[in-house]
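Visitor: sequence first, predicted coordinates after that:
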Amino acid sequence: VMINVRAEGYAALQRSVTPSAEEVVLVLTTSGTIRGRVEDGATNRPVTDFTASYTDGRGTLIGGIRVVMGMGDREKTFQSPDGGFELSDVPPGKWNVRVSAPGYRPAEVSGIELAEGETKEGVVVSLKKGGVVTGRVLDPRRGTGVPNASVSWSEGSDVSASSPGMMVLSRLDAGGGRAVTSDADGRFRFDGLPTGKITLSAGHPDFLDVSKQVDLDEEATVDLTLALGGSISGTVVGKDGRSGIPGAEVFLRDQGAAYSIGDDSARADASGNFSFEHLKAGRYGVSARSNAGATAWKDLVLAESQRQEGVLLEITTGATVLGTVSGLPDRSLGGVRVFASTEEYQDSAVTGDDGRFTLRDVPPGVLRLQASTAFPTMRSTSKNLDVPEGATEVPVEIVFEGTSRLSGRVTRGDKPVSSAFVSAVPDPPTTTGGRVSGQTDEDGRYSIEGLVDGNYLVRVSGQSASYSRSFTVSGDTNGDIALPTLTISGVVTDAGSNEPIEGAFIQAETGRERTGVPARYTETDSRGFYSLDGVDSGNYQLTARKEGYQLKTLPVSVASTPAELNVSLTRGAGLPIRASDGLTGIPLRSLTALAYTGSGSLAFTGNVALDAEGKGEVSSLAPGSYALYVFCQGYASRSYPVTVPSPMLSLALTPGGRVEVRTDTPFTGRIVDAAGAPYMIFPGRLDARVSGAPPAVSWGGLAPGSYRLLVEVPEGETAYPFTVTEGGTTTVQLR
C-alpha cells in the first residue's frame, strides 16, 4: 500500500509499505520556504494578481512513461501590492517556480536549490505581456455559436507540449489557464499567449473535435467550426451469434495516430447495442469484453462523415486457460494482474490468493501472457503459450523466476535520497520481461528482489533525479548508487535578437544510448536558462531544439567541475511531411518520428501533429542529410533518406504484415532489411534489437519487403531470411 503523510511545517512524505508490517516509522523532513516578487518585464513594476507554484519540472519516469503529479496545494493565488509571494512547505531539493497572471505569459525560474528547513529569498519572476486570441466555436450545420465547448491551446505544433519521445499521464500545467469554456454565443478568449505558432483545439460532446494552427503576432481572431464526424455502431452478441450481451464493455482503438495509452470505451445497452459518435475518418479497431467472454478485434475503415452501422462483435468460442502463478511469496500470490493477447484477442484476469487464474474462450494460436504484481514494488514476467486448435482446457504456469537481490542506498552528495523510484530492467531486454521496481526509504535504502542473474539497467527517478546505471546481478548484489552532482548549464538565445528562448528542449547524449527516451533532458526557463543535473564526468553531445529554429548539436566535456555551455539558435523550418493511409488515401492524424544525422547521432525524437490534410513538420532539423524513421499506431514503420531543406515529403503508410518466429529456445537478435539496414519495429529501441521465447513470438507492423532475422549465437549471428506481404503472416522456424 502507498502511505501519504502531510503535516504543516514538514515536507509531504510518500512511502510504500507491505502488510503486515509490525511497525512503520515515518520520518518527516522540515520543509523550506521560497520568497520572491513578480514584476512586469517591460516596466519592472510589481504584478499584483497572480498564481505561483513550484515543480521539479520533470516528473517521475516509470517504465518510459513520465508521470507528472497534479499541483494540489502546491499552487497558490496571491493579491500582493508589491508583487511579493511566499511558497511554504516546500520539500528540500531543486525546484522551478512558475507564475501566471492575467494578460501575461506564464514564466518560470528554474534551478532553485532548497535545503531542509531553508528559506530562499530574492527570487524574481519577470512576466512578459502575451498575445490575445478571441473567436467563436461554431455549429457546422447552422453556423451558430456552440456554448459550453472546451477550447484549449498548446504552443507549437507537437502532439503535446511534453518532452519528445515520452508519454505523459498528466501535466503540471493542466487546468492552468490553457482551457476555457465558450459562452452562450460560442465565444472564447485567451490572453497572455506566446507569440509564434500555436495550436487551438475545440471540443464538445455533440461534435467532432477540431484543431487549427495559428501564427500569432499580438492579436488574432479565430473561429473554430466543429464537425459532425462519422460513427461506428453495432451489437455485441453471444456465442450463438444472435443473443445480445447487455453491459459488455466495447473498446475502440484509434489507428493512424502516434502511440498512445489506452483505448476509448463504451458500455453496450440492455440489448447489447453500442455506438461511438463523432469520429474522424481513418482506421479503427473494435472489440468487446464481458463476463460471457471476449470478442476478437475487428478492423474497420471509416470514411469522412460515414455512419458505419451493423458491426457485429461475437463472443469467441475457444479454450479455457487454467493458469497458476508461482515463484512469489505466498502472501503475494493474490492480486497479480495477468494480461493475455494475440493478434485478434485481448483479455485479463486477476489471481486469487492461491495464485490461480482463468481465461475463457481463448482462440487457438500463440498466446502472450504477462503477469505483474502491484505498483510500486512491481515485478513482471511473461510467457508464451501455444493454444492448440480444438483444445478445451489448456494448463499454464507463469513462474516468477529469480532469487537474487539488488539492494543498496541512493545518495546525492553523501545525503540519502528518499521516496525515489528504482527500477531494474534486463539489459538487453528479454521477451520474458523481468522488470522489477521499488522505492527508497527515508535513509535512501531500497531492495529489489526476485531477479534472475544477469545484466540490468537500473534507473532512479523522482525527487529531481533521472539517472541510469548498469549492474551485473548475481546472488545478493550491492547496488549503492551515488547520484552525480555535476551539471551542464547555460543560456539558449536567438541568434538574431540575442533574446532568451523559453521552452527549448535540451538533451545530452553519450552516443551509447539504446532507447528513444533521453536520460538527460530539460527545458529552458523564461530566462533561457537550463541546467542538466546529475551528470557523470565524460564527453557528451548536447542538443538544443525549439520549433521554428534549427536544431544545434555541440560537444561538451564534463570533468570534475560543472560545465557551462551557451547555445545560440538560428530561425528556420524543419522537414515538411504529408502522411496518409497508403491503401485508402485517408490522412493520418499524428506520427512518432526519429531522425538520425549522417554520423548516426539522434537529431529528433518525438511526436508530430498532422492537420486535416495529414500535413505536419518534423521540426528543428538543420540543413543536412538524415535517416527518418516514422511510426504510427496500426501501421508498419518505415524509414526514408531525406535532405533538409526539402520540398514536402509524402508518406504513404500501410498496416503491413506479420512475422511469427517459432523457436525451441529463447533468442535475441535484430532484423535488417534487404539493404542490411536495421529495421525498427518499435520507436523505443534505437538498436532495433528483438527477442523471443518458446514456443513462438510474433511481431506485426512490418512493411512489405525482404528481411533477415540475425539471431545471436556464440559464433556470431545466424541469418534467417523471410519476406513480408501486405496483410499476410510469415512463419520463420529457428533451428
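Guide: That came through, no problem.
Visitor: any stretches of this structure with poor pLDDT?
Guide: Counting by pLDDT under 70, the chain has low-confidence residues at 21, 57-74, 156-177, 259-262, 375-376, 430-434, 463, 513-519, 684-686.
Visitor: farthest residue from the center of it?
Guide: Pro81 (41.6 Å; CA atoms, centre = their mean).
Visitor: what about the closest residue to that residue other than its chain neighbours, how many neighbours?
Guide: Nearest residue to Pro81 in three dimensions, chain neighbours excluded: Thr48, at 5.9 Å (CB to CB, 6 or more residues apart in numbering). In this view, the C-beta of every residue, glycine as well, is placed from N, C-alpha and C. By the criterion of other CB atoms under 10 Å, Thr48 has 14 neighbours.
Visitor: hmm, Thr48 is touching Gly84, no?
Guide: No. Counting by CB atoms under 8 Å, Thr48 does not reach Gly84; the two are 9.8 Å apart.
Visitor: was I right about Ile447 contacting Arg409?
Guide: Actually, residue 447 is Ser rather than Ile. No. Using CB under 8 Å, Ser447 makes no contact with Arg409, being 10.4 Å away.
Visitor: what are the ranges of the strands in the stretch 451-600 of the chain?
Guide: With strands called from DSSP state E, counting those that start in this stretch, the stretch 451-600 of the chain shows them at 454-462, 465-473, 476-478, 481-483, 486-494, 505-509, 521-523, 529-535, 538-545, 552-558, 563-564, 567-569, 575-581, 590-597.
Visitor: sheet partners, orientation included, of the fourth one?
Guide: So the one you mean is strand 481-483. The pairing partners recorded for strand 481-483 under DSSP bridges are strand 404-412 (parallel).
Visitor: quick check: angle from the partner strand to strand 465-473?
Guide: Angle of strand 404-412 versus strand 465-473, following axes from the mean of the first three to the mean of the last three CA atoms, to 10 degrees, is 150 degrees.
Visitor: just how off-centre is strand 404-412 within its chain?
Guide: Between the centre of strand 404-412 and the centre of its chain there are 27 Å (CA atoms, centre = their mean, to the nearest Å).
Visitor: identify all contacting residues around that strand.
Guide: Under the contact criterion CB atoms under 8 Å, 6 or more residues apart in numbering, strand 404-412 has outside partners 416-417, 420, 422, 424, 440, 443-453, 456, 458, 460, 465, 471, 473-483, 485, 534.
Visitor: which of these are buried?
Guide: With burial judged by 16 or more other CB atoms under 10 Å, the buried subset of those is 417, 420, 422, 424, 440, 444, 446-452, 456, 458, 460, 465, 471, 473, 477, 479, 481, 483, 534.
Visitor: gap between the closest residue to Gly402 other than its chain neighbours and Lys128?
Guide: Leaving aside its sequence neighbours, Gly402 sits nearest to Val452 (CB to CB, 6+ apart; 3.9 Å). Separation of Val452 from Lys128 (CB to CB, to the nearest Å): 54 Å.
Visitor: swap in Phe251?
Guide: Note on Phe251: its distance to Lys128, by CB to CB, is 45 Å.
Visitor: what about these two, which has more around it?
Guide: Phe251 (20 against 16).
Visitor: helix or strand for that one, which one?
Guide: Using DSSP states H and E, the element containing Phe251 is strand 249-254.
Visitor: what residues sit buried inside that strand?
Guide: For strand 249-254, using 16+ other CB under 10 Å, the buried residues are Val250, Phe251, Leu252, Arg253, Asp254.
Visitor: in CSV, list those residues along with distance to Tyr54.
Guide: Output for the buried residues of strand 249-254, formatted as CSV (distance: CB to CB, whole Å):
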residue, distance to Tyr54
Val250, 42
Phe251, 39
Leu252, 39
Arg253, 38
Asp254, 36
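Visitor: and which of these is nearest to Ala149?
Guide: When these are ranked by distance to Ala149 (CB to CB), Asp254 comes first, at 21.1 Å.
Visitor: for burial, what's the neighbour tally of the closest residue to the closest one other than its chain neighbours?
Guide: Spatially, and ignoring its direct neighbours in sequence, Asp254 is nearest to Tyr284 (6.3 Å; CB to CB, 6+ apart). By other CB under 10 Å, the residues close to Tyr284 number 24.
Visitor: OK, contacts around Tyr284?
Guide: Ile232, Leu252, Arg253, Asp254, Gln255, Asp299, Leu300, Val301, Leu302.
Visitor: so what's it bridging to?
Guide: Per DSSP bridges, the residues bridged to Tyr284 are Asp254, Leu300.
Visitor: check the one 4 residues further on too.
Guide: According to DSSP bridges, the partner residues bridging Ala288 are Val250.
Visitor: so it sits against Gly247, correct?
Guide: No. Counting by CB under 8 Å, no contact exists between Ala288 and Gly247, whose distance comes to 10.3 Å.
Visitor: which residues are common contacts for the two?
Guide: With CB under 8 Å, 6+ apart as the test, Ala288 and Gly247 both reach Ala268.
Visitor: could you check which of these two is surrounded by more residues?
Guide: Neighbour count, other CB under 10 Å: between Ala288 and Gly247, Ala288 has more, with 29 against 13.
Visitor: ok, that one - contacts?
Guide: Applying CB under 8 Å, 6+ apart, we find Ala288 in contact with Val236, Ile245, Ala248, Glu249, Val250, Phe251, Ala268, Phe274, Ala294, Thr295, Leu313, Ile315.
Visitor: same thing but at 10 Å, please
Guide: For Ala288, the contact set (CB atoms under 10 Å, 6 or more residues apart in numbering) comprises 234-237, 245, 248-251, 265-268, 272, 274, 294-298, 313-315.
Visitor: narrow the residues you listed to those in strands?
Guide: Among the contacts of Ala288, DSSP state E puts 234-237, 249-251, 265-267, 274, 294, 298, 313-314 in strands.
Visitor: what's the closest of these to Gly503?
Guide: Among those, and counting by CB to CB, the member closest to Gly503 is Ser265, at 34.1 Å.
Visitor: burial check on the closest one, number of neighbours?
Guide: There are 13 residues near Ser265, going by other CB under 10 Å.
Visitor: quick check: it touching Asp254?
Guide: No. If you go by CB atoms under 10 Å, Ser265 and Asp254 don't touch, sitting 11.9 Å apart.
Visitor: quick one: Gly716 from Ser646, how far?
Guide: Gly716 sits 39 Å away from Ser646, going by CB to CB.
Visitor: those two: who's more crowded?
Guide: Higher neighbour count among Gly716 and Ser646: Ser646, with 15 against 8, using other CB under 10 Å.
Visitor: give me the phi and psi for that one.
Guide: With angles defined as degrees, to the nearest 10, Ser646 sits at phi -150, psi 150.
Visitor: which strand residues bridge Leu369?
Guide: For Leu369, the beta-bridge partners are Ala340, Lys383 (DSSP bridges).
Visitor: relative to Leu734, how far out is it?
Guide: As for Leu369, its distance to Leu734 is 21 Å (criterion: CB to CB).
Visitor: more neighbours, these two?
Guide: Using other CB under 10 Å, the more surrounded residue of Leu369 and Leu734 is Leu369, with 21 against 17.
Visitor: list the contacts for the more buried one?
Guide: 321, 323, 325, 338-341, 349, 357, 359, 381-385, 396, 398.
Visitor: try Thr730
Guide: Applying CB under 10 Å, 6+ apart to Thr730 gives the contacts Gly657, Arg658, Val659, Glu660, Val661, Ser698, Leu702, Tyr707, Phe722, Thr723, Val724.
Visitor: element containing it, please.
Guide: Applying DSSP H and E as the criterion places Thr730 in strand 729-733.
Visitor: if anything else comes up later, I'll come back, but that's it for now.
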